[in-house]
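Would you be able to build a 3D model of this:
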Amino acid sequence: MTLLPVPELIAAARPGGLAAFNVIALEHAEAIAAAAEAAKRPAILQISENTVRYHGGLKPLARACLAIAEDSSAALAVHLDHATERALITAAVQVGITSVMYDGSTLAYAENVDSTADIARWCHDRDVFVEAELGEVGGKDGAHAPGARTDPDEAVAFVAATGVDALAVAVGSSHAMHTRDARLDDELIARLAAKVPVPLVLHGSSGVPDAGLRSAIDCGMTKINIATRLNVVLGEAIRGVLGADDRLSDPRRYLGPGRAAVQGEVERFLRLLA
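Below you'll find the predicted structure:
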């Protein structure tokens with residue numbers, strides 16, 4: 001299937017949420033595509049700025065994700081996640097990625113508005129979907145520190161001033177959680193959804209229990225980002241295989257089960273969010 005624009009994936013996912021899964025290794029991308037095919041649900045393959053830094057560049061992994069998505073029978077898109085540098089966004093668009101997130105959440109509000117608006121204009125001239133984040137200065141998690149909350153009126157003003165296509169909001173989730181006990185502010189999600197004219201995005205979804213994710217979608221959340229949970233099941237599967245045979249050296253023998261575990265978890269999330 002040809003890669004689809006994110007607005008079409010959002011429409012295809014309704015009345016459920018659109019799941020977006022972060023890719024670190026090729027096995028992640030293969031597992032996400034296979035799970036989307038099995039579940040017959042749309043999904044997004046995301047590449048974060050941190051992952052680009054880990055690989056020493058964007059092109060190899062981005063091209064692999066684009067090829068996997070193009071060859072899949074599922075409805076998929078490839079997205080650049082949490083980019084803080086204009087140069088990385090430019091590189092992503094040049095390689096063929098049509099959805100990006102510019103993260104200016106650690107900037108002062110006025111600077112975040114100016115930078116985001118400039119990037120949104122440039123991306124829209126090239127038919128690229130733009131997600132942004134309105135957050136607080138400070139802390140590793142920025143807008144997604146557990147206590148941070150997005151003000152609905154400020155969110156409306158931010159979207160109007162920047163022209164972005166989707167907005168990541170702070171409603172109680174946090175990045176890199178290994179436990180699934182985050183409590184989302186459903187009342188705030190509903191207020192944001194009623195006021196903000198673009199789709200809302202939940203980051204840090206790995207730390208939210210299943211019931212919380214379903215409730216967030218029911219209250220108006222649209223895009224659900226999942227990363228850490230996939231890495232947890234990948235690591236568990238690999239440790240299980242290597243722990244059973246300390247002489248094992250062929251990476252296919254442990255990465256294969258890891259990929260299968262990721263596929264199973266992605267498929268579970270896709271069915272849950274539907």
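
Quick check: chain neighbours aside, which residue is closest to Ile10?
Nearest residue to Ile10, sequence neighbours excluded (CB to CB, 6 or more residues apart in numbering): Leu18, at 5.2 Å. From N, CA and C alone the C-beta is placed, and that goes for glycine too.

wait, isn't that neighbour in contact with Lys223?
Yes - Leu18 is within contact range of Lys223, at 5.0 Å (criterion: CB atoms under 8 Å).

and the residue nearest to Ile10, how far is that from Ala83?
19 Å (CB to CB, to the nearest Å).

Those two: which has the busier surroundings?
Higher neighbour count among Leu18 and Ala83: Leu18, with 28 against 24, using other CB atoms under 10 Å.

Look up phi and psi at that one.
phi -90, psi 120 (degrees, to the nearest 10).

Repeat that for His203.
Residue torsions, per degrees, to the nearest 10, at His203 are phi -90, psi 160.

Please report how far it lies from Ala77.
From His203 over to Ala77 the distance is 17 Å, taken as CB to CB.

now Pro199
Pro199 sits 13 Å away from Ala77, going by CB to CB.

Between these two, which is the more surrounded one?
Looking at Pro199 and Ala77 with other CB under 10 Å, you find the greater number of neighbours at Ala77, namely 26 against 20.

Contacts for the host helix or strand of that one, please.
Assigned by DSSP states H and E, Ala77 falls within strand 76-83. The contact list for strand 76-83 (CB atoms under 8 Å, 6 or more residues apart in numbering) reads 1, 3-6, 9, 20, 22, 32-33, 36, 42-50, 58, 62, 65-66, 69, 88-89, 92, 96-103, 131, 225.

hmm, try it at 6 Å
3-4, 6, 9, 43-49, 65-66, 69, 89, 92, 97, 99-103 (CB atoms under 6 Å, 6 or more residues apart in numbering).

same check, this time on stretch 233-246
254, 257-258, 261-262, 265.

Could you tell me which residues make contact with Val95?
By CB under 6 Å, 6+ apart, the neighbours of Val95 are 59, 62.

What are the boundaries of the helices in the stretch 101-250 of the chain?
For the stretch 101-250 of the chain, the helices defined by DSSP state H, counting those that start in this stretch occupy 109-124, 152-162, 186-195, 210-219, 228-244.

Select, out of those, the one closest to Val169.
Closest to Val169 of the helices of the stretch 101-250 of the chain, according to CB to CB: helix 186-195, at 5.6 Å.

Report the buried residues of the worst-scoring helix or strand of the chain on mean pLDDT.
None of the helices or strands of the chain scores lower by mean pLDDT, DSSP states H and E than helix 210-219, at a mean of 90. Across helix 210-219, burial judged by 16 or more other CB atoms under 10 Å covers 212-213, 216-217, 219.

Can you tell me which of the contacts of stretch 233-246 lies closest to Leu188?
Comparing the contacts of stretch 233-246 against Leu188 with CB to CB places Glu265 closest, at 27.8 Å.

Give me the contact list for the helix or strand containing that closest one.
Applying DSSP H and E as the criterion places Glu265 in helix 251-273. Outside helix 251-273, the residues that touch it by CB under 6 Å, 6+ apart are 16-17, 19, 21, 27, 31-32, 34-35, 38-39, 41, 210, 224, 226, 230, 233-234, 237-238, 241-242.

The same query, at a cut-off of 8 Å, please.
The contact list for helix 251-273, computed with CB under 8 Å, 6+ apart, reads 13, 16-19, 21, 25, 27-28, 30-32, 34-36, 38-39, 41, 43, 210, 213-214, 217, 224, 226, 229-230, 233-238, 240-242, 248.

could I get it in CSV with only the CA atoms?
Extracted in CSV, the C-alpha atoms of helix 251-273 (Å, rounded to 0.1, in the frame of the first residue of the first chain):
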residue,chain,number,x,y,z
PRO,A,251,21.6,-12.5,16.7
ARG,A,252,18.8,-13.9,14.6
ARG,A,253,18.1,-16.4,17.3
TYR,A,254,17.4,-13.7,19.9
LEU,A,255,16.3,-10.8,17.8
GLY,A,256,13.7,-13.0,16.1
PRO,A,257,11.9,-13.8,19.3
GLY,A,258,12.3,-10.1,20.3
ARG,A,259,10.7,-9.0,17.1
ALA,A,260,7.8,-11.5,17.7
ALA,A,261,7.3,-10.1,21.2
VAL,A,262,7.1,-6.5,19.8
GLN,A,263,4.7,-7.6,17.1
GLY,A,264,2.4,-9.2,19.7
GLU,A,265,2.4,-6.1,21.9
VAL,A,266,1.8,-3.8,19.0
GLU,A,267,-1.1,-5.9,17.8
ARG,A,268,-2.6,-5.9,21.3
PHE,A,269,-2.4,-2.1,21.5
LEU,A,270,-3.9,-1.7,18.0
ARG,A,271,-6.9,-3.8,19.0
LEU,A,272,-7.2,-2.1,22.4
LEU,A,273,-7.2,1.4,20.8
